[in-house]
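Peer 1: My questions concern the predicted model and sequence given below.
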Amino acid sequence: IGQDGIILEITEPIVACANLCKLQFINRESSSPKERIQKCTEFIDFLNQKDGLRGWYAKVVDLGKDDGFICVGDEVKLM
């Protein structure tokens with residue numbers, strides 16, 4: 001990635017969890033507890049439909065030269 005030659009390994013997709021149910025559009029005060037649970041379940045089910053919809057975990061395999069940095073807009077190459 002980028003000019004520094006950082007190498008990342010994509011390890012696994014991020015799986016949606018119940019912590020997302022704390023978001024305001026799901027956990028509205030005007031909603032009943034039953035409605036909140038239903039909205040939360042539907043939201044998590046939607047996010048878990050496709051691998052990686054929430055993102056991916058990655059680990060750094062090589063920092064490249066000068067303990068490089070990853071910046072928005074850096075070129076990414078599949079190895």
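Peer 2: Done, it's in. Numbers count the residues shown, from 1 in each chain.
Peer 1: okay, and for the protein, where does confidence drop off?
Peer 2: Residues of the chain meeting the criterion pLDDT under 70: 1-4, 66-67.
Peer 1: got the residue ranges for the helices in it?
Peer 2: Secondary structure of the chain, counting by DSSP state H: helices at 33-47.
Peer 1: can you pull the contacts of the nearest residue to residue 43 once chain neighbours are set aside?
Peer 2: Closest residue in space to residue 43, ignoring its immediate chain neighbours: residue 26 at 5.9 Å, by C-beta to C-beta, 6 or more residues apart in numbering. C-beta here means a position set from N, CA and C on the backbone, and glycine is covered the same way. Taking C-beta atoms under 8 Å, 6 or more residues apart in numbering, we find residue 26 in contact with 20, 36, 39-40, 43.
Peer 1: Which one of the residues you listed is nearest to residue 78?
Peer 2: Closest approach between the contacts of residue 26 and residue 78, by C-beta to C-beta: residue 20, at 29.6 Å.
Peer 1: Verify the contact between that closest one and residue 47 for me.
Peer 2: Yes - using C-beta atoms under 8 Å as the test, residue 20 is close enough to residue 47 to be in contact (7.4 Å).
Peer 1: How are the strands of this structure distributed by residue range?
Peer 2: 7-13, 56-62 (DSSP state E).
Peer 1: if we can go back for a sec, ok, so what distance separates the residue nearest to residue 43 from residue 16?
Peer 2: For residue 26, the distance to residue 16 equals 12 Å [C-beta to C-beta, to the nearest Å].
Peer 1: Pick out the residue closest to the middle of this structure.
Peer 2: Taking C-alpha atoms, centre = their mean, the centroid of the chain lies closest to residue 55, which sits 3.2 Å from it.
Peer 1: check contacts around the nearest residue to it once chain neighbours are set aside.
Peer 2: Using C-beta to C-beta, 6+ apart and skipping the chain neighbours, the partner closest in space to residue 55 is residue 14 (4.6 Å). Taking C-beta under 8 Å, 6+ apart, we find residue 14 in contact with 52, 54-57.
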